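Asks: starting from these lines, generate the structure:
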Amino acid sequence: MKKFVAILAFAVLCISSAQAQTQTAPTDTTQARLQMQQQRTADAKATLEAQKNQSSASSSAVQDSKSQLKAQQQQMRDQKRQLKEQQAVAKQARQQEKAAQQALREEKKRTRAAKQATKGA
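Replies: As a prediction, this is how the structure comes out:
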């Protein structure tokens, strides 16, 4: 009877050990799959974050370029305005010079007329 109980206990022990080993394998495979899936998820998140950063940097660069372009356009408008002002000043100076030349010619005529009048008298 003791032998029978010992054999029965040994058989139960072997069977439970075999079941533990068969259950361990699927658990390990499932665990490995889960870890692989988690790794892929982490990689995808990292890639997405990198793409977001790159997109943000690109958007920032575009915004900076737009700002620079607007600043350059404003500078061009300012330069055109200054050029027009300079041209207006130059035009006014030419007009004044012409008026002065005309006044000089008229003064010379009067001087000549006065000289002739004094010669003739």
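Asks: where along the chain do the strands fall?
Replies: Remark: no strands are assigned in the chain by DSSP state E.
Asks: pLDDT score assigned to the residue positioned nearest the centre of it?
Replies: Central residue of the chain (CA atoms, centre = their mean): Ala61, 1.2 Å from the mean position. pLDDT, Ala61: 96.
Asks: the helices in this protein, which residues?
Replies: Under the criterion DSSP state H, the chain contains helices at 2-120.
Asks: so, low pLDDT: which residues of it?
Replies: Low-confidence segments of the chain (pLDDT under 70): 5, 8, 14, 16-27, 121.
Asks: still on that earlier bit, how much space between the residue nearest to the centre of the chain and Ala50?
Replies: Applying CB to CB, to the nearest Å, the value for Ala61 to Ala50 is 16 Å. To be clear about C-beta, it is placed using only N, CA and C from the backbone, and glycine gets the same treatment.
Asks: contacting residues for Ser60?
Replies: Contact analysis of Ser60 by CB atoms under 8 Å, 6 or more residues apart in numbering lists nothing.
Asks: okay, now Ala6: neighbour count?
Replies: 10 (other CB atoms under 10 Å).
Asks: ok, now Lys52?
Replies: 10.
Asks: that one and Ser58: what is the separation?
Replies: 11 Å.
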